[in-house]
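Visitor: fold the following and give me the result.
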Amino acid sequence: MTTTTVVATSAETAQGWFSRAEAWLDSKGKGAWLAAMILGFIFFWPVGLAFLFYMIWSKRMFNGSCKSRRHAHMHGHKFRTSGNTAFDSYKADTLRRLEEEQSAFEEFLQRLRDAKDKAEFDQFMEDRSKVKPVENEEPADA
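Guide: Residues are numbered from 1 along each chain as shown. Alright, predicted model coming up:
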């Protein structure tokens, strides 16, 4: 054995069983973490609870959630390329067009709200002007 081999072997040993188990579960995905947690609860509940706390603490439970994907799409449209430049260009153009249509529709809705507010205000002022002369009239008997 050379010194390089001895150093590499001691590094693997220094990594420890916990780090190796963690790496193995990470390579299998979130399902393996959930299965380990459930089995921990079945066989000995404190182990399952420890898995649950560790998954929450290390943020393994919430990685890749729909919320983070939706947030990425709403801010900058960071999408994965397909490898086909024509399709990626079409996709980018379509997303840009949809954003423009969305902003135009939102502007249209704002104009409708403004028109409705103006109509309601004009109606209020008209009703108010009809009521005012009646209030200002003095009774004939006085």
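Visitor: who touches residue 81 in this structure?
Guide: Residue 81 sits next to residue 88 when contact means Cβ atoms under 8 Å, 6 or more residues apart in numbering. For glycine as for every other residue, the C-beta is placed from the backbone atoms N, C-alpha and C.
Visitor: state the pLDDT value of it.
Guide: Predicted confidence (pLDDT) at residue 81: the value is 82.
Visitor: which SS state does it fall under?
Guide: Applying DSSP: H, G, I helix; E, B strand; the rest coil to residue 81 yields a three-state assignment of coil.
Visitor: how near is it to residue 24?
Guide: Using Cβ to Cβ, to the nearest Å, residue 81 is found at 31 Å from residue 24.
Visitor: go on, residue 33?
Guide: Here the criterion is Cβ to Cβ. By it, residue 33 lies 11 Å from residue 24.
Visitor: who has more neighbours out of the two?
Guide: Residue environment comparison for residue 33 versus residue 24 gives the larger neighbour count to residue 33, 20 against 10, counting by other Cβ atoms under 10 Å.
Visitor: I figured residue 33 hits residue 52, correct?
Guide: No. Taking contacts as Cβ atoms under 8 Å, residue 33 lies outside contact range of residue 52: 9.8 Å.
Visitor: show me where the protein has strands.
Guide: Assigned by DSSP state E, the strands in the chain number zero.
Visitor: all helices for it, in order.
Guide: Remark: helices assigned in the chain by DSSP state H are 3-28, 30-43, 45-57, 66-74, 85-136.
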